[in-house]
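Participant: quick one: sequence plus predicted model below, questions after.
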Amino acid sequence: MKITIYTDGGSRHNPGPAALGVVVKDETGKTIVNYGEFLGNQTNNYAEYMAIISALKKAHELGATEVHCIADSKLVIEQLKGNWKVKEPTLQKLFILAWNELQKFKKYSLSHTLRAGNKEADAEVNKILDAIVGEKKKFHN
């Protein structure tokens, strides 16, 4: 089974209250699962990594054998592709977790998109942060 995951993560006041957002779609583009999760006080980059880790775990639980990951974090995508170094110690740990999750699939691909191409996952992040922070100010990473 091949699925596409859209992920986003963000914090208000970097670092600050942070959340992840995930949207999982089947081969026809139908949403199978969508959710957000509060991460406490963290950085944007931490939230972006946690989003892809969470989504990959969910894809594995759903029985996917192939996964296409789409995120608007160029940092996470380029690091996971091996194009950029991971220098920050916390992100190094998260990189390893994400890398190990990717290896559970027969095939995977990673794509960067602009924020406009990731509206559903972004909405999941904002839903959580609006509820937690009580602000209506929207997150934009």
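Facilitator: It's in.

Participant: please make it C-alpha for all contacts and neighbour counts, starting now.
Facilitator: Fine.

Participant: mind naming the longest helix for the protein?
Facilitator: Longest helix in the chain by number of residues (criterion: DSSP state H): helix 44-61.

Participant: quick one: strands adjacent to the helix or strand just after that one?
Facilitator: Per DSSP states H and E, the first helix or strand lying C-terminal to helix 44-61 is strand 66-71. Using DSSP bridges, strand 66-71 pairs in its sheet with strand 2-11 (parallel), strand 107-112 (parallel).

Participant: which other residues reach strand 66-71?
Facilitator: Here strand 66-71 makes contact (CA atoms under 8 Å, 6 or more residues apart in numbering) with 1-8, 52, 59, 77, 105-113, 118.

Participant: quick one: low-confidence parts of this protein?
Facilitator: Across the chain, the ranges flagged by pLDDT under 70 are 135-141.

Participant: scan it for its longest strand.
Facilitator: Scanning the chain for the strand with the most residues, using DSSP state E, yields strand 31-42.

Participant: what residues sit buried inside it?
Facilitator: 34-39, 41-42 (16 or more other CA atoms under 10 Å).

Participant: returning to that earlier point: of the strands paired with strand 66-71, flag the one that's most buried.
Facilitator: Counting by mean count of other CA atoms under 10 Å, strand 2-11 has the highest mean neighbour count of these, with a mean of 28.
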